[in-house]
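S.K.: the following comprises the amino acid sequence and a computationally predicted model.
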Amino acid sequence: MSTSILFGEWGISLKFKKANNKTKKTVPIKHSIAYKMTVMIVAIMALSMIIAGVFGSVFMERYYTSSKKNSIKKIYTRFIKVTKTDSTIANSSNIRTINDLCEKYGATLVYMDSSGNSIYMYGPGTQLLERWKDSVFGINNNMVTFESETIDANDDYTLNYTKDKISDKNYYELISTVDNENDLVIRVSVENFKESIAIANKFYLGLGIALIVIITILMITIIRKNTSPILALADLSIKMSELDFDAKYTGNYNDEVGVLGESMNEMSDKLETTITELKNANVELHKDIKQKEEIDEMRKEFISNVSHELKTPIALIQGYAEGLKEGINNSPEDTDYYVDVIVDEASKMNKMVLSLLNLNQIEFGRIKVSIERFDIVLVTQSIVNRMKNLPEAEGIDFSINAPDKLYVFADEYMIEEVITNYVGNAIHHADGDKKIVVSITQEGNKAKVTVFNTGKNIAEQDLKQIWDKFYKVDKARTREYGGTGIGLSIVQAIMESHNNEYGVMNKEDGVEFYFQVDTEKN
């Protein structure tokens, strides 16, 4: 099934093909958004775990040892401040301060005099005291079980990295002489951090794998839930491409998907409206083409009619002019008659040309309709009084049925021409009782003007054609009074420019022409 829309005069068409079998398109798994997002998130998590593992292996040990060094130095700094005011550490608040600090950092502290006697001790300081005596006084040198390496030294203290061969434990030991008489030793244990990092990495590896599996399952579920409306929109777009505009987005989402769905609904409505308008435009285009063909025919007919109408008066003028030239007349009366015929025929030709020019200007909008307020009754009475005194109106009984005043809004000059044409047409066709009745009534916001004349009815087949240019019901009679067949065409053009009704009706004993005009300004 297809919908064809015609563009242009030569039938260029645009076809919308509608599929006979509606098949829902499916997306391969590896190309789906859910698959891509899941893979992307799992990859990011795995990469994060790798980076965290590498960072922990490379930098964690450095951070750990640096923090241990800083902690032992903080204890030393605080202890020196205390001893400046309390060299024997006898003040209980000072003791509490040192104890809290050592407990916080897990330190062992021994403060002794030059003879090796303990002044203050925190933690398992006895072993530390004995080892210090061995190293200072040379006791049990053959039983040395510690290896030390100086890693930092200055005028205030020496910081050693010490390893206990028996227990395989490592320490940071800070040794300092306080006030040149007492000695201070602070020891902080340093674990085998590489082993701890390896254990931690194994733990986090297992935890990470478990998290990846759980999060992957959750992501698939969540992504499927969130991509289902997108798939529904894709299906909706397919239906729209097949010109099925009844399909609509019905989700209740308040996010971007919902906005897209509502936008697609609006686009569907606009497409439907646009295609409908295109179809209507296609119909109108066919009408315009047909109208153009009719106009071409009318143009040909118009030229033919003008040629026909001008042929008779031209022939008469030519014949009588040649007669005058050849002097075939024998009396002044004949000469006057020849001249009168020539003048009369020339006048008819001039009247027809002027009427054609006037009609052409009205039809093509070259004469602007000038709306003004005037009394239609006064204008009609003036026209009737003027025309009933014409020679051809002799013997006709005129009457006017109208209110005293009735103001209308229209182009006064054009409405005068309409009334003049109607009354003139009635004069030339009045017969029988020879009566002409002009009536003016108000119907709502319109004034209706009718011109009735007694006489023969117009044949039904002629009622619609009398408005055409050069159409004459009784050609002999029209020729007799010099009619051109253009007057009613002018009436038609004027009334259409005013967007008001006009027409003709057969009555029992005659014919009635009518037109309407606004009584309120539009």
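M.R.: Arrived safely. Numbers count the residues shown, from 1 in each chain.

S.K.: just name the shakiest helix or strand of the protein by mean pLDDT.
M.R.: strand 12-17 (a mean of 38; mean pLDDT, DSSP states H and E).

S.K.: report the buried residues of whatever helix or strand comes next after that strand.
M.R.: Next helix or strand after strand 12-17 toward the C-terminus (DSSP states H and E): helix 33-55. By 16 or more other Cβ atoms under 10 Å, the buried positions in helix 33-55 come out as 34, 37-38, 41, 45, 49, 53. C-beta here means a position set from N, CA and C on the backbone, and glycine is covered the same way.

S.K.: just checking, what packs against helix 33-55?
M.R.: helix 193-241 (3 or more Cβ pairs under 8 Å, 6 or more residues apart in numbering; DSSP states H and E).

S.K.: for residue 264, see how far away residue 229 is.
M.R.: Separation of residue 229 from residue 264 (Cβ to Cβ, to the nearest Å): 11 Å.

S.K.: oh, I was asking about residue 127
M.R.: 81 Å.

S.K.: of the two, who's got more company?
M.R.: residue 264 (17 against 13; other Cβ atoms under 10 Å).

S.K.: can you tell me the SS state at that one?
M.R.: helix (DSSP: H, G, I helix; E, B strand; the rest coil).

S.K.: quick check: it touching residue 236?
M.R.: Yes: using Cβ atoms under 8 Å, residue 264 is in contact with residue 236, at 5.9 Å.

S.K.: looking at residue 243 now. What's its pLDDT?
M.R.: What the model reports as pLDDT for residue 243 is 73.

S.K.: show me the strands in the stretch 251-400 of the chain, by range?
M.R.: Secondary structure of the stretch 251-400 of the chain by DSSP state E, counting those that start in this stretch: the strands cover 372-375, 397-401.

S.K.: can you tell which of those is closest to residue 200?
M.R.: strand 372-375 (100.9 Å; Cβ to Cβ).

S.K.: quick check: which ranges of the stretch 301-450 of the chain have low pLDDT?
M.R.: Where the stretch 301-450 of the chain drops to pLDDT under 70, the residues are 301-313, 316, 320, 327-331, 334, 344-345, 347-367.

S.K.: quick one on the thing from earlier: overlap of the contact sets of residue 264 and residue 236?
M.R.: residue 249 (Cβ atoms under 8 Å, 6 or more residues apart in numbering).

S.K.: number of nearby residues for residue 511?
M.R.: So residue 511, with other Cβ under 10 Å, has 22 neighbours.

S.K.: average pLDDT across the strand or helix carrying it?
M.R.: Assigned by DSSP H and E, residue 511 falls within strand 510-518. For strand 510-518, mean pLDDT is 93.

S.K.: of all the strands of the stretch 251-400 of the chain, which lies closest to residue 293?
M.R.: Of the strands of the stretch 251-400 of the chain, nearest to residue 293 by Cβ to Cβ is strand 372-375, at 39.1 Å.

S.K.: who are the packing partners of that closest one?
M.R.: By 3+ Cβ pairs under 8 Å, 6+ apart, strand 372-375 packs against strand 407-410.
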